[in-house]
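S.K.: Predicted coordinates and the sequence they were generated for:
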Amino acid sequence: MEKEMLALVKLKEGEENFSKFMAFMQSEEGMAERGKFAIPPRTIAAVTPDKGALMFKVFVTDEDGMKSFVSGENALMKPIYDECIESTQLWDLSEVSL
């Protein structure tokens, strides 16, 4: 079952961290890993003007896999997490009737 989640990623100081992080996320390897727990083509991303933080609306198919990836516990994500990411936060999203 698909679930919508919001991930907030705060990057470590330095403009190169944004480029390194995004290069990994958009690489074939990164896309394949993300595809194990989410639907990458449906991900919606936003970046702060200073490129110090990113926000992702993710359509998740495996919540445990998403948590592992976002927390840096995923083996493939760990090196980029340790090098570029200062902190992450993750929220469940639910629709609000208007």
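M.R.: Alright, I've got the coordinates.

S.K.: Show me the strands in this protein, by range?
M.R.: 3-11, 44-47, 53-60, 85-92 (DSSP state E).

S.K.: Can you name the residues in contact with the third one?
M.R.: Counting by C-beta atoms under 8 Å, 6 or more residues apart in numbering, strand 53-60 makes contact with 2-11, 18, 21, 37-39, 42-48, 66, 93, all of which sit outside it. (Glycine included, C-beta is placed from N, CA and C.)

S.K.: Pull out the buried members of those residues.
M.R.: The neighbour count (16 or more other C-beta atoms under 10 Å) marks 5, 7, 9, 11, 18, 21, 37, 38, 43, 66 as buried among those.

S.K.: Skip the chain neighbours and tell me the closest residue to the fifth one.
M.R.: If I follow you right, that is residue 18. Counting by C-beta to C-beta, 6 or more residues apart in numbering, residue 18 lies nearest to residue 51, which is 4.1 Å off, once chain neighbours are set aside.

S.K.: Tell me where the protein is predicted with low confidence.
M.R.: By pLDDT under 70, the chain contains no weakly predicted segment.

S.K.: in it, which helix has the most residues?
M.R.: helix 15-26 (DSSP state H).
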